[in-house]
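Kindly return the folded structure for what I paste below:
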Amino acid sequence: MQQCLTCGAFSLMTVCPECGERAQAAAPLKWSPEDHRASLRRKMNDVESADWPSNLSTLPSLEEMQANLSQEEE
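Okay, here's the model as predicted:
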């Protein structure tokens, strides 16, 4: 399924039947457990290094979220 970049119409063609402009895939590619490029992405993001987990974003603790909520309500 393709979606027109200009008018937003859906079609199976890469050229929009409504306005004649370019269309692109309407959904991301499906993930596969047999992903042949996964090892390259892991190397690119340096996932195997000891520092990698510390670079991931984290959520605030429940206490911090409750404190922020009470401050916003005041």
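
Please save the CA atoms from the longest helix along the chain in CSV.
Longest helix of the chain, by residue count under DSSP state H: helix 62-73. Coordinates of the C-alpha atoms in helix 62-73 are reproduced here as CSV (Å, rounded to 0.1, in the frame of the first residue of the first chain):
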residue,chain,number,x,y,z
LEU,A,62,7.7,6.7,40.8
GLU,A,63,8.4,9.1,43.6
GLU,A,64,9.9,11.6,41.2
MET,A,65,6.9,11.4,38.9
GLN,A,66,4.5,11.9,41.8
ALA,A,67,6.5,14.9,43.0
ASN,A,68,6.5,16.4,39.6
LEU,A,69,2.7,15.8,39.3
SER,A,70,2.0,17.5,42.6
GLN,A,71,4.1,20.5,41.6
GLU,A,72,2.3,20.8,38.3
GLU,A,73,-1.1,20.7,40.1
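
Can you report how many residues neighbour Ala23?
The local packing of Ala23 (other CB atoms under 10 Å) involves 24 other residues. (Each C-beta comes from the backbone N, C-alpha and C, glycine too.)

I'd say Ala9 and Glu21 touch.
No. With contact defined as CB atoms under 8 Å, Ala9 and Glu21 do not form a contacting pair (9.3 Å).

Identify the residues contacting the spatially most central residue of the chain.
Most central in the chain under CA atoms, centre = their mean is Pro28, positioned 8.8 Å from the mean C-alpha point. Under the criterion of CB atoms under 8 Å, 6 or more residues apart in numbering, Pro28 has no contact partners.

In a helix, it, correct?
No. Secondary structure of Pro28, determined by DSSP: H, G, I helix; E, B strand; the rest coil: coil, with no helix assignment.

Please report phi then psi for it.
For Pro28, the backbone dihedrals (degrees, to the nearest 10) come out as phi -70, psi 160.
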